[in-house]
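J.: need a 3D model of the sequence below.
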Amino acid sequence: MPPTEPAFLPVQKTARHVKIGLALGGGAARGFAHIGVIKALESQGIFPDIIVGTSAGSVVGAMYAAGNSGFALQKMALDMDEATISDWSLPLFAKSSGMLKGDALQAYVNRMVGGLSIEKLKKPFGAVATDLSSGQAVLFQYGNTGAAVRASSAVPAVFQPVKINGRQYVDGGLVAPVPVRFAREMGADLVIAVNISQAPEIQNGSSSIDILLQTVTIMGQSITQYELKLADVVIRPDLPGMKGSDFGGRNLAILAGERAAMAAMPELKQKIKALQER
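T.: Here you go, the predicted structure:
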């Protein structure tokens, strides 16, 4: 009987790991929607590898990068007293460059991340702020987590500028409202952008803080559109009428984030699969 050819089994191609970046945009209290997005992603087995945040996105992003699940973030949000992060500068307008000092926000974030510095968080994390002297975007990937988040969230005239290593920083939303390009720079193969910015519409009765927050949004509109074009998937939670100062709407914002993320899930899964099979 002639010898038979040896049988060669086809080699199974293993799906490569796709590094997923989550770029969380600014929007003050509307940032509670980021928590809903994270909850939805986790419910579908999607756990981003790289987290980058601007302003409110840096607050949620830091706490997520510290190892808190979406459900844990929701509990933190619902338990949070707005007074916990509000430290008014007194006298209010006497030689002060902001109504809020920001020390309370820094302390709160550091408490929620267990005192870990940025480089010791469980996931790679970056907070984007604006250098007040140069006008350039700066990505904090090392150092005091609370201080970096405070700098990223320092809306001009609302929060006082933050001094780090001799330089002053303000809100990252001025230069990178949704920090997609920084997620790419940190090594993401696929970037999910979460845009929580408010349409430019000031209604009667809007507070001074609402107007200031809206001014930042208007200034960053063209940059936002540029950033979103660099993303693979864009999630836009529907937050009609919710102002940046509306901390009472946190539960509705979380639900809106969940709904928007679930609506984007088919596109997201398809794009992840395509990259895995390359």
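J.: tally of neighbours for Thr84?
T.: Neighbourhood size, Thr84 [other CB atoms under 10 Å]: 13. Heads up, the C-betas are built off the backbone N, CA and C, glycines and all.
J.: isn't it up against Ala104?
T.: Yes. Assessed by CB atoms under 8 Å, Thr84 is found in contact with Ala104 at 6.5 Å.
J.: how about Ser153: what's its closest non-neighbour residue?
T.: Among residues not flanking Ser153 along the chain, Ser55 sits closest, at 4.8 Å (CB to CB, 6 or more residues apart in numbering).
J.: how many residues are close by that neighbour?
T.: Ser55 has 33 neighbouring residues, counting by other CB under 10 Å.
J.: test my guess that Ser152 contacts Thr54.
T.: Yes. Ser152 is in contact with Thr54 according to CB under 8 Å; the separation is 6.0 Å.
J.: give me the contacts around the longest strand anywhere in the chain.
T.: In the chain, with assignment by DSSP state E, the single longest strand is strand 125-131. When contacts are defined by CB atoms under 8 Å, 6 or more residues apart in numbering, strand 125-131 is touched by residues 50-54, 58, 61-62, 65, 118, 136-141, 145, 148-149, 151-152, 154, 162, 167-172, 174-176, 179, 182, 186.
J.: the helices in the stretch 51-200 of the chain, which residues?
T.: Taking DSSP state H, counting those that start in this stretch, the helices of the stretch 51-200 of the chain run over residues 56-65, 70-79, 103-112, 145-152, 180-185.
J.: relative to Ala40, which of these is closest?
T.: helix 70-79 (7.8 Å; CB to CB).
J.: state the mean pLDDT of that closest one.
T.: For helix 70-79, the mean per-residue pLDDT is 96.
J.: ranking helices and strands of this structure by mean pLDDT, which lands last?
T.: Using mean pLDDT, DSSP states H and E, strand 98-100 stands out as the lowest-scoring helix or strand of the chain, at a mean of 65.
J.: check which helices and strands the biggest helix by length in the chain sits against.
T.: Looking across the chain with DSSP state H, the single longest helix is helix 250-276. Using 3 or more CB pairs under 8 Å, 6 or more residues apart in numbering; DSSP states H and E, the elements in contact with helix 250-276 are helix 33-43, helix 70-79, strand 190-194, strand 233-235.
J.: check which helices and strands the second one is in contact with.
T.: Based on contacts counted as 3+ CB pairs under 8 Å, 6+ apart, the elements that helix 70-79 packs against are helix 33-43, helix 56-65, helix 250-276.
J.: next: the last one.
T.: Contacts defined by 3+ CB pairs under 8 Å, 6+ apart place strand 233-235 against strand 190-194, helix 250-276.
J.: partner strands of that strand, with direction?
T.: For strand 233-235, the paired strands and their directions (DSSP bridges) read strand 190-194 (parallel).
J.: which pLDDT does the model give Lys123?
T.: Looking at Lys123, its pLDDT reads 98.
J.: what number of residues lie near it?
T.: Counted with other CB under 10 Å, Lys123 comes out at 16.
J.: so who does it touch?
T.: Contacts for Lys123 (CB under 8 Å, 6+ apart) come out as 48-51, 64-65, 67.
J.: now Gly31
T.: Contacts for Gly31 (CB under 8 Å, 6+ apart) come out as 24, 55-57, 59-60, 196, 253.
J.: the residues you listed into JSON lines, with extra columns for pLDDT and distance to Arg16?
T.: Output for the contacts of Gly31, formatted as JSON lines (pLDDT from 0 to 100; distance: CB to CB, whole Å):
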{"residue": "Leu24", "pLDDT": "99", "distance to Arg16": "25"}
{"residue": "Ser55", "pLDDT": "95", "distance to Arg16": "33"}
{"residue": "Ala56", "pLDDT": "95", "distance to Arg16": "33"}
{"residue": "Gly57", "pLDDT": "98", "distance to Arg16": "28"}
{"residue": "Val59", "pLDDT": "97", "distance to Arg16": "32"}
{"residue": "Val60", "pLDDT": "98", "distance to Arg16": "29"}
{"residue": "Ile196", "pLDDT": "95", "distance to Arg16": "31"}
{"residue": "Ala253", "pLDDT": "97", "distance to Arg16": "35"}
